[in-house]
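**Student:** just the structure for this:
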Amino acid sequence: MEKGTLFALSRLAAGQCGLFSAAQAYALGIGHASLYRAVQSGRLVRLGRSVYRFPGVPVTEWDECIAAALAAGPGAVLSHSSAALIHRFEYGAKGGVDSQAELTVFRRQHKVSGAFVHRVALPLRPEDEVSRFGVKVTSPARTLVDLVGRLGPALTAKLLDEGLVKRRWSVKAVESALLRRPCNLAGRRHLVTLLADRGESSTADSMLEVRAFRALRLLPRFEVHHVVEVDGRIYVLDAAWPAQRVAAEVDGRAHRVTSREAFDRDRRKINALGAAGWKLAHLTSVMSDKEMRDAVRKLLALC
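**Tutor:** Presented below is the predicted three-dimensional model:
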């Protein structure tokens, strides 16, 4: 194997966790005999029938998934639990089919030893795929939709909300991905209900905000992340009823471990808004949903 060819192969593998397939090597003009000799001399490590690794490359948690996708070829897409692992979902990355790598393909000829293959009638749409580590992976939104039947109602809701908070997906993106799945998809009805319950206008910045916004929805309609200017300074209120000059600030753990500068800035905000006639309710994680509503309701009753 020539040094120039080996360098080209190493550059290709660098973007694939140090792995490459025999097909990729063949495309660079490296034949089976050269690969065999490289393995025998220790310059390469063979992982399976058609996947190789450069020695000394650190092993990662994604290697098994990447190897399965490379072995399957360009028509295969990592999906379900494998995609959840790569996207670092808190839920759904475990519990795959016999803990195997999972792939979605639309061609019958794909057979991958050690991987579970999901076959679909049509190839995935471009918006349902992303590229990670040199292979195709279902998009975060498509991965969520694929997993709803396994997660169950509680975990589906939690994963959906966490993804919205982290801007991993939008309600619209998940709805779009769901439209491209079968009508009898397990968990579909529950996910539709969850999506209908979450408006794009109430995008939260934390899980505590998600909970607070949901609790406050029983009160008169409010604005999320309302912007107000006081004495030339711009302040953002987590939830606000501008006509009544009432607002709710969601105080999570970050407020207890904040820097002195941030603490001073927060107090300046409170004083400025108070001087401008705003009444603030501070909502914390120890408060029940009813306590959150009551804190705001009392301020609204004063107006």
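**Student:** okay, strands next: where are they in the stretch 151-300 of the chain?
**Tutor:** Applying DSSP state E, counting those that start in this stretch to the stretch 151-300 of the chain gives strands spanning 223-230, 233-241, 246-251, 279-284.
**Student:** let's have these in TSV, adding mean pLDDT, distance to E162 and mean neighbour count.
**Tutor:** Backbone N, C-alpha and C define where each C-beta goes, glycine included. Output for the strands of the stretch 151-300 of the chain, formatted as TSV (pLDDT from 0 to 100; distance: least, Cβ to Cβ, whole Å; neighbours: other Cβ atoms under 10 Å):
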stretch	mean pLDDT	distance to E162	mean neighbour count
strand 223-230	92	18	14
strand 233-241	93	18	19
strand 246-251	93	16	23
strand 279-284	95	19	20
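**Student:** identify each buried residue in the longest helix belonging to the chain, please.
**Tutor:** Across the chain, the longest stretch assigned as helix under DSSP state H is helix 140-165. Buried residues in helix 140-165, counting neighbours by 16 or more other Cβ atoms under 10 Å, are found at 140-148, 150-151, 156-157, 159-165.
**Student:** could you measure from the residue nearest the centre of the chain over to R88?
**Tutor:** In the chain, the centroid-proximal residue (Cα atoms, centre = their mean) is R168; its distance is 4.3 Å. Distance of R168 to R88, computed by Cβ to Cβ, to the nearest Å: 9 Å.
**Student:** correct me, but T156 touches R189?
**Tutor:** No: judged on Cβ atoms under 8 Å, T156 makes no contact with R189 at a distance of 11.2 Å.
**Student:** so how far is E249 from the residue nearest to P74 when sequence neighbours are not counted?
**Tutor:** Nearest non-adjacent residue to P74, counting by Cβ to Cβ, 6 or more residues apart in numbering: K136, 7.6 Å away. According to Cβ to Cβ, K136 and E249 sit 43 Å apart.
**Student:** in the stretch 151-300 of the chain, where is pLDDT below threshold?
**Tutor:** 199-203, 253-260 (pLDDT under 70).
**Student:** residues near R214, how many?
**Tutor:** As a burial measure, R214 scores 16 neighbours (other Cβ atoms under 10 Å).
**Student:** oops, could you answer that again for R297 instead?
**Tutor:** For R297, using other Cβ under 10 Å, the count is 16.
**Student:** once you drop chain neighbours, what's closest to it?
**Tutor:** L219 (6.4 Å).
**Student:** again with L160
**Tutor:** L194 (5.7 Å).
**Student:** quick one: residues contacting the spatially closest residue to P55 that is not a sequence neighbour.
**Tutor:** Nearest residue to P55, sequence neighbours excluded (Cβ to Cβ, 6+ apart): V45, at 5.4 Å. Residues in contact with V45, defined by Cβ atoms under 8 Å, 6 or more residues apart in numbering, are 39, 52-55.
**Student:** how many other residues sit next to the residue nearest to R297?
**Tutor:** 17.
**Student:** measure it to D197 for me?
**Tutor:** Relative to D197, L219 is positioned 16 Å away (Cβ to Cβ).
**Student:** go on, L85?
**Tutor:** From L85 across to D197, the span is 28 Å (Cβ to Cβ).
**Student:** comparing the two, which residue is more hemmed in?
**Tutor:** Neighbours were counted for L85 and for D197 using other Cβ under 10 Å; L85 has more, 22 against 13.
**Student:** wait, the more buried one touches E64, no?
**Tutor:** No: taking contacts as Cβ under 8 Å, L85 lies outside contact range of E64: 9.3 Å.
**Student:** do you know the pLDDT at A72?
**Tutor:** pLDDT, A72: 90.
**Student:** give the contact list for the residue nearest to it when sequence neighbours are not counted.
**Tutor:** Spatial nearest neighbour of A72, chain neighbours left out: V112 (4.7 Å); criterion: Cβ to Cβ, 6+ apart. Contacts for V112 (Cβ under 8 Å, 6+ apart) come out as 68, 71-72, 76, 101, 103.
**Student:** strands - which of the residues you listed land there?
**Tutor:** 101, 103 (DSSP state E).
**Student:** as a markdown table, the contacts of V112 with neighbour count and distance to A215 would be great.
**Tutor:** Compiled in a markdown table, the contacts of V112 are given as follows (neighbours: other Cβ atoms under 10 Å; distance: Cβ to Cβ, whole Å):
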| residue | neighbour count | distance to A215 |
| --- | --- | --- |
| A68 | 25 | 44 |
| A71 | 25 | 49 |
| A72 | 24 | 47 |
| A76 | 22 | 44 |
| A101 | 27 | 41 |
| L103 | 28 | 41 |
